[in-house]
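Trainee: Pasting a predicted model and its sequence here:
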Amino acid sequence: MINSSEVIEDVRDEVVPEGMALGIDVGGTNIQAGVVDQCGEVLGSAKIKTNASEGYEVVMDRVASAARQACEDAGVKVSTLCAAGLGVPGPVDPKTGIVDEAVNLRWDSEPVAESLSERLSLPVHADNDVNVAVYGEWAAGVGVGASDLLGVWVGTGVGAGLILSGQLRRGVHHSAGEIGHMVFLPGAPHGSRTIEQNCSRTAIAHQLVKLIRANHHSIITDLTKGKLSRIRSKALATAYDQRDELVRTVIDDSADRLGTAIAGAATLLSLDRVVLGGGLVEAIGKPYVDVVRDAIRREVFPASLRSITVEASILKDNAGVVGAGLLAMHTETSAH
């Protein structure tokens, strides 16, 4: 794979019919699809509910429907596109297009690339959802020009993607970047040892509920109308902006822990750039990124790494769509 700056420069100079691809990001709640050009611009988009409970085949029908709607929005025909890229929440073998396990979708060893290719009559390249989001940031976002990049996405869980020497790294078992499952507190009780169990939005909500039920005050109770099982990123951001002491303490502690964990990865791989994304990061914004950055710079080794760049995703909700589209486009171009 060639350097991202070379990719962007080359594709901007080319004007070819194959200069567009579909990018599709399948989540547990929503399916987002977009027609992406060579520069990472989204020319048309669509968003529909996943309805994972209806089963694999129905969901794939909905993925194809979202793809066609995105094409209609862009004013292009599916047949004019060079390929489709598909991001799904689980380890994916990019050669076979089979997702090993997508827990949120209740999928196990499903041939997602083949299934979508049959529905759209296009070549389909599938990968992990965070991998494609990080690829998008590397190729068309804050990572343009970088040879190495770690992207960490924080939402319901914690995931990551890794670019090394200009290549997306997946590992032998296609699970590189599963930072959320790394043990962070080995001496803690089971259920509270991993990064995800300490730093995700789910973990933050769980900690807040426990503290509120122990008589600690928070406006989260009012924001959720007492339904503490429904604490989402928007409510957390509102409470954080209103300087709710309990929410700020829990979120800042979580962000500091995440930064400490990322510092370990940055030290191990000698990384100089990190991008943060996901629902929680988007909702809270700069204050969250600042805490993570401070922790990373405090803990990295050697001292020269304290100049590490840590930024929020600039593609935001479109990172997965852009990354999936560009990855498919670049993969298809390389194959020919």
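Mentor: Everything's here; your move.
Trainee: Please, which helix or strand holds Lys234?
Mentor: Assessed by DSSP states H and E, Lys234 sits inside helix 233-241.
Trainee: Can you mark which positions in that helix are buried?
Mentor: Buried residues in helix 233-241, counted by 16 or more other C-beta atoms under 10 Å: Ser233, Ala235, Leu236, Ala237, Thr238, Ala239, Tyr240. C-beta: built from backbone N, CA, C; applies to glycine.
Trainee: just stretch 69-79 next, same as before
Mentor: Gln69, Ala70, Cys71, Asp73, Ala74, Val76, Val78.
Trainee: can you redo those as JSON lines with secondary structure?
Mentor: Below are these laid out as JSON lines (DSSP: H, G, I helix; E, B strand; the rest coil):
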{"residue": "Gln69", "secondary structure": "helix"}
{"residue": "Ala70", "secondary structure": "helix"}
{"residue": "Cys71", "secondary structure": "helix"}
{"residue": "Asp73", "secondary structure": "helix"}
{"residue": "Ala74", "secondary structure": "helix"}
{"residue": "Val76", "secondary structure": "coil"}
{"residue": "Val78", "secondary structure": "helix"}
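Trainee: so which of these would you say is closest to Glu245?
Mentor: For these, the closest approach to Glu245 (C-beta to C-beta) belongs to Ala70, at 43.6 Å.
Trainee: What pLDDT does the model give the closest one?
Mentor: As predicted, Ala70 sits at a pLDDT of 98.
Trainee: re the thing from before, so, if you compare the buried residues of stretch 69-79, which one comes nearest to Ile163?
Mentor: Nearest to Ile163 among these, with distances taken as C-beta to C-beta, is Ala70, at 25.9 Å.
Trainee: and the longest helix for this protein?
Mentor: Longest helix in the chain, counting residues (DSSP state H): helix 245-269.
Trainee: Okay, buried residues for it please.
Mentor: Residues of helix 245-269 classed as buried: 246-248, 250-252, 254-267 (neighbour count, 16+ other C-beta under 10 Å).
Trainee: coming back round to it: how about the buried residues of stretch 69-79 in TSV, adding distance to Ser229?
Mentor: Formatted as TSV, these follow (distance: C-beta to C-beta, whole Å):
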residue	distance to Ser229
Gln69	32
Ala70	33
Cys71	38
Asp73	35
Ala74	39
Val76	43
Val78	40
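Trainee: Closest to Ser175 out of those residues?
Mentor: Ala70 (29.0 Å).
Trainee: OK, contacts around that closest one?
Mentor: Contacts for Ala70 were tallied using C-beta atoms under 8 Å, 6 or more residues apart in numbering; they are Leu22, Ala33, Gly34, Val35, Gly44, Ser45, Ala46.
Trainee: and the fifth one, that's in a strand?
Mentor: Yes. Inclusion of Gly44 in a strand is indicated when three-state DSSP is applied.
Trainee: what's the closest non-adjacent residue to Phe301?
Mentor: Of all residues not flanking Phe301 in the chain, Thr267 sits nearest, at 4.9 Å (C-beta to C-beta, 6 or more residues apart in numbering).
Trainee: For the one you found, give me the pLDDT.
Mentor: Predicted confidence (pLDDT) for Thr267: 98.
Trainee: And Glu178, by the same measure?
Mentor: 88.
Trainee: And the one 4 residues further on, by the same measure?
Mentor: The predicted local distance difference test score for Met182 is 95.
Trainee: Tell me how many other residues surround the closest residue to it other than its chain neighbours.
Mentor: Leaving aside its sequence neighbours, Met182 sits nearest to Ile195 (C-beta to C-beta, 6+ apart; 5.4 Å). Neighbour count of Ile195, defined by other C-beta atoms under 10 Å: 28.
Trainee: And the strands in this protein, which stretches?
Mentor: For the chain, the strands defined by DSSP state E occupy 20-26, 30-37, 42-49, 84-88, 92-93, 98-102, 107-110, 124-128, 149-154, 158-164, 167-168, 273-277, 309-312.
Trainee: To Pro287, which of those strands lies closest?
Mentor: Closest to Pro287 of the strands of the chain, according to C-beta to C-beta: strand 309-312, at 10.8 Å.
Trainee: Partner strands of that closest one and their direction?
Mentor: strand 273-277 (parallel) (DSSP bridges).
Trainee: Setting aside sequence neighbours, what's the nearest residue to the residue most central in space within the chain?
Mentor: The C-alpha lying nearest the average C-alpha coordinate of the chain belongs to Val130 (C-alpha atoms, centre = their mean; 3.4 Å). The shortest distance from Val130 to any non-neighbouring residue, by C-beta to C-beta, 6+ apart, is to Gly159 (3.8 Å).
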